[in-house]
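Novice: after the sequence you'll find the predicted model.
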Amino acid sequence: MQGIIPDTLSGALVLSAFDFVACFFVLWFFGLIINLLKRLG
Amino acid sequence: MEFLRILRVMADATGIYNFSAGNLVMICFGILFIYFGIKKRYEPFLLVPLGIGAILVNIPGTGLMDVGGLLHFNYLGVEKVIYPPLIFLGVGAMTDFGPLIANPSTIILGAAAHIGIFIALVGAKLLGFTIKEAGAIGIIGGADGPMAIYVSTKLAPHLLGQVAVSAYSYMALLPLIQPPIMRLLVPRRERELAMEQLRPVSRREKIVFPIMMIILVNSLLPPIAPLISCLMLGNLIRESGVIERIADTLGGVFLDIVTVFIAVAIGSTMSAQNFVNLKTLEIVVLGLIAFCTGTAGGLLAARIMCKLSGGKINPLIGSAGIAAVPMAARVSHTVGIEDNPYNFLIMYAMGPNLAGVLGTAVAGGIMLTLLGVH
């Protein structure tokens, strides 16, 4: 599979910004799902 | 004459004759690691074998790292990405995800503390590294040794040694790196805050959690499936409670043995010809920047959460979001207890600390996907 991020400084900035924001959202989503486990308690 | 020639041939074959200044420098580093491990007790199970590996590979003529040499065989465990999932299997078997399940809001700190990854990534690009090399360098900031090895093996295998040594060294030196940043960024009145008791987490929740995470994480981020699967398998073995003997072995003896192998393997990459160059220095500095900025990011996010929750969260747990389980949580606890002797933060800090492991995995998985690596 070919990467979609160019090997440039702006590519690095885009990768960093996207990865950081995506990381936030994915973890927040995990948090939501984990919160549902309470119902099993 | 013949006798002198024999002596000359003998001398040429010794390690002493072939020593370079670089070898001596790296052996000094090896001794320094052993000193920190034994005298200062900074993660001795990591630093002692790491130091021995560094010394061994810098004694010329042993051939230990040549194809067929003992250290070369051991290094294949790193190069072929066998050790990192095994480490995660052991870590899963010794980890109680209860604090994270009890307080899932702290999972966000695991993301905030990873800002260091991206700062180091951009810094590496500015210094002229390729984007894949920059990604491998950035992942040092994830403070997760097996994940750093995994990602750098995929993105920049030629930098594996530098990345792994930086990640493991800074993880071991966390008690030196984090406290000054914590005292600088969190005012005393916030460091003294006591947190509410965590709710008890049922066995059923703890059993469902690893199964759910295997399905969820592997579906979202297939590139990191080997690591997350092993982490959660180890955890399921622990929480199932029906195979305690295996859980105890995986989280104890097994993990210790694989840690020695991986630490020696990483140490054995520290040969003078690999390490004594400007690139290594740049990677080491970028790694330190990643750790410091990641710690700061976690602390600042925790301060925001502290304000929003009306003082229910002690911001010191934010630095644990950097991963490095359980060292970072221990540092949060140690710094917290200095200002309030009745403040036991370790369990609260384990939440963001475990979130940090997931955060590094997610950041690494997204990076591999965007850079087209599987």
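Specialist: Now that the structure is in, tell me what you want to look at.

Novice: give me the mean pLDDT for the one helix or strand B:R189 maps to.
Specialist: For B:R189, the host element (DSSP states H and E) is helix B:188-191. Helix B:188-191 shows a mean pLDDT of 93.

Novice: just the buried residues of it, please?
Specialist: By neighbour count with 16 or more other CB atoms under 10 Å in any protein chain shown, helix B:188-191 contains the buried residues B:E190, B:R191. Glycine gets a C-beta too; all of them are placed from N, C-alpha and C.

Novice: and it, what does it pack onto?
Specialist: helix B:327-339 (3 or more CB pairs under 8 Å, 6 or more residues apart in numbering or on different chains; DSSP states H and E).

Novice: got the buried residues for the helix it packs on?
Specialist: B:M327, B:A328, B:A329, B:R330, B:V331, B:S332, B:H333, B:T334, B:V335, B:G336, B:I337, B:D339.

Novice: the first one is in contact with B:L173, isn't it?
Specialist: No. With contacts counted by CB atoms under 8 Å, B:M327 stays clear of B:L173, the gap being 9.5 Å.

Novice: for the top helix by length along chain B, name the packing helices and strands.
Specialist: If you go by DSSP state H, chain B has its longest helix at helix B:278-308. Applying 3+ CB pairs under 8 Å, 6+ apart, one finds that helix B:278-308 contacts helix B:107-112, helix B:115-126, helix B:131-138, helix B:160-172, helix B:174-185.

Novice: repeat that for 6 Å
Specialist: When contacts are defined as 3 or more CB pairs under 6 Å, 6 or more residues apart in numbering or on different chains; DSSP states H and E, helix B:278-308 packs onto helix B:107-112, helix B:115-126, helix B:160-172, helix B:174-185.

Novice: that helix: how far from the chain's middle?
Specialist: 14 Å (CA atoms, centre = their mean, to the nearest Å).

Novice: now the angle from it to helix B:131-138?
Specialist: 60 degrees (axes from the mean of the first three to the mean of the last three CA atoms, to 10 degrees).

Novice: buried ones in helix B:278-308, by neighbour count?
Specialist: Within helix B:278-308, the residues scored as buried using 16+ other CB under 10 Å are B:279-280, B:282-284, B:286-303, B:305-306.

Novice: what do you get for stretch B:367-374?
Specialist: B:M367, B:L368, B:T369, B:L370, B:L371, B:V373.

Novice: on the three-state scheme, B:T62 is what?
Specialist: B:T62 carries the three-state label coil when classified by DSSP: H, G, I helix; E, B strand; the rest coil.

Novice: got the phi and psi for B:T269?
Specialist: phi -90, psi -10 (degrees, to the nearest 10).

Novice: neighbours around it, how many?
Specialist: The criterion is other CB atoms under 10 Å in any protein chain shown. On that basis, B:T269 has 23 neighbouring residues.

Novice: for B:S152, same thing?
Specialist: 28.

Novice: flag the shaky bits of chain A, pLDDT-wise.
Specialist: A:1-2, A:41 (pLDDT under 70).

Novice: ok, which residues in it are in contact with chain B?
Specialist: Applying CB under 6 Å from any CB of the partner chain, we find that chain A lies next to chain B at A:1-3, A:5, A:7, A:9, A:11-12, A:15-16, A:19-20, A:22-24, A:26-27, A:31, A:34-35, A:37, A:40-41.

Novice: now, of those residues, which are buried?
Specialist: Of the residues of chain A next to chain B, these count as buried by 16+ other CB under 10 Å: A:3, A:5, A:11-12, A:15-16, A:19-20, A:22-24, A:26-27, A:31, A:34, A:37.

Novice: pull the most distant pair out of those.
Specialist: Maximum pairwise distance among these (CB to CB): 38.6 Å, between A:G11 and A:L37.

Novice: show me what from the stretch 251-374 of chain B comes close to chain A.
Specialist: Contact residues, the stretch 251-374 of chain B versus chain A (CB under 6 Å from any CB): B:G359, B:V362, B:A363, B:I366, B:M367, B:L370, B:L371, B:G372.

Novice: tell me which of the residues you listed is nearest to chain A?
Specialist: Nearest to chain A among those, counting by CB to the nearest CB, is B:G372 at 3.2 Å.

Novice: wait, doesn't that closest one sit right on A:G3?
Specialist: Yes. At 3.2 Å, B:G372 and A:G3 qualify as touching, with contact defined as CB atoms under 6 Å.

Novice: buried ones in the helix or strand containing B:V48, by neighbour count?
Specialist: Assessed by DSSP H and E, B:V48 sits inside helix B:44-57. Across helix B:44-57, burial judged by 16+ other CB under 10 Å covers B:44, B:46-57.

Novice: and the nearest residue to B:G311 once chain neighbours are set aside, how many neighbours?
Specialist: Nearest non-adjacent residue to B:G311, counting by CB to CB, 6 or more residues apart in numbering or on different chains: B:L193, 5.8 Å away. Neighbours of B:L193 under the rule other CB under 10 Å: 19.

Novice: any idea which helix or strand carries B:L193?
Specialist: Using DSSP H and E, B:L193 maps to neither a helix nor a strand.

Novice: now it: how far from A:V26?
Specialist: To A:V26, B:L193 is 29 Å away according to CB to CB, to the nearest Å.

Novice: just B:G69 next, same as before
Specialist: 42 Å.

Novice: equivalent analysis for B:L371, please.
Specialist: Distance of B:L371 to A:V26, computed by CB to CB: 17 Å.

Novice: what do you get for B:V165?
Specialist: Distance from B:V165 to A:V26, by CB to CB: 29 Å.

Novice: in three-state terms, label A:G3 for me.
Specialist: Going by three-state DSSP: A:G3 is coil.
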